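Undergrad: Sequence and predicted structure, then a few things I'm wondering about:
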Amino acid sequence: MLVACKKVRYGFTLAVIKKWLNRQALYQIYKPRPKFIQYASFIDIQDLNDVHQSDTTPFSHCKIGNRIYKHRHAFQKIYDDPNYPLIWPNVLIIDRSTKFMGECKDLLLKYDVKIQYANSKRSVAIAERDHQEFEKYAYFWRPVGYNEPLLPSYTEVHHLLEPGELEGGRRRATDCNWSPEVFTIDSYLIKENQPILYKLYNGPKRSFVREELQIVPPDTVLLPKYILKH
């Protein structure tokens, strides 16, 4: 855009162009995703073997010959082996995918394990979280908890979309990165040494950290009405 302005002899600076773009509603929902997101950690659980979290490493296929790999057998091998320190937990946090359904779910209920479904696949992605922890200490740092600047309630924001969240299915190149709808911050949770978690009024069930929220400027230029109707 800066090059196009120069060609027609407009004297707009890059700072002026960025300020104008950030006020455009269409640009806001297609803004690039943040390079790093400081997610909350739950390593402060005090009771040993009370809560476990499970994720699976993706395989090219789960069928070998006529045998189908079952996650139920993996749980039995881990928890029933006397050489392992893990015992059946009170709560198991898993995602909502089908790999934990059927016989696997029946086995957990047999041992009185309460199943807690995560509101986001990202929150139980163990391998991805390990990589993120390395990135956090190697390249990024920001204040968290009580030292973190607080977004007040009723602040208008777009929230970062999960891949494929807007229309379901796999993410497409034309999908926007931020929610087209504007939400207001309803409440927040502050905990020492953890990023502040925000809940949105009439928004998704999951909580959001600061990087997942984009403040909507009060002078935002909305799309023309004839576009919104279609």
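TA: Thanks, I have it. Here the structure is a predicted model, which is why all the values come from computation and not from measurement. Numbers count the residues shown, from 1 in each chain.

Undergrad: How about residues contacting the lengthiest strand in the chain?
TA: If you go by DSSP state E, the chain has its longest strand at strand 183-189. Under the criterion Cβ atoms under 8 Å, 6 or more residues apart in numbering, residues 150-159, 196-203, 207, 213 lie in contact with strand 183-189. Heads up, the C-betas are built off the backbone N, CA and C, glycines and all.

Undergrad: List the pairing partners of it within its sheet, with orientation.
TA: Paired neighbours of strand 183-189 in the sheet (DSSP bridges): strand 156-159 (antiparallel), strand 197-200 (antiparallel).

Undergrad: Buried subset of the contacts of strand 183-189, written for PyMOL?
TA: Applied in PyMOL, the following selects the buried portion of those according to 16 or more other Cβ atoms under 10 Å:
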select buried, resi 151+157+158+159+196+197+198+199+200+203+207+213
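
Undergrad: Can you show me the strands along this protein?
TA: 51-53, 63-64, 67-68, 91-94, 114-117, 156-159, 183-189, 197-200, 213-215.

Undergrad: returning to that earlier point: any chance of JSON lines for the strands paired with strand 183-189, columns mean pLDDT and distance to Glu103?
TA: Formatted as JSON lines, these follow (pLDDT from 0 to 100; distance: least, Cβ to Cβ, whole Å):
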{"stretch": "strand 156-159", "mean pLDDT": "95", "distance to Glu103": "36"}
{"stretch": "strand 197-200", "mean pLDDT": "94", "distance to Glu103": "35"}
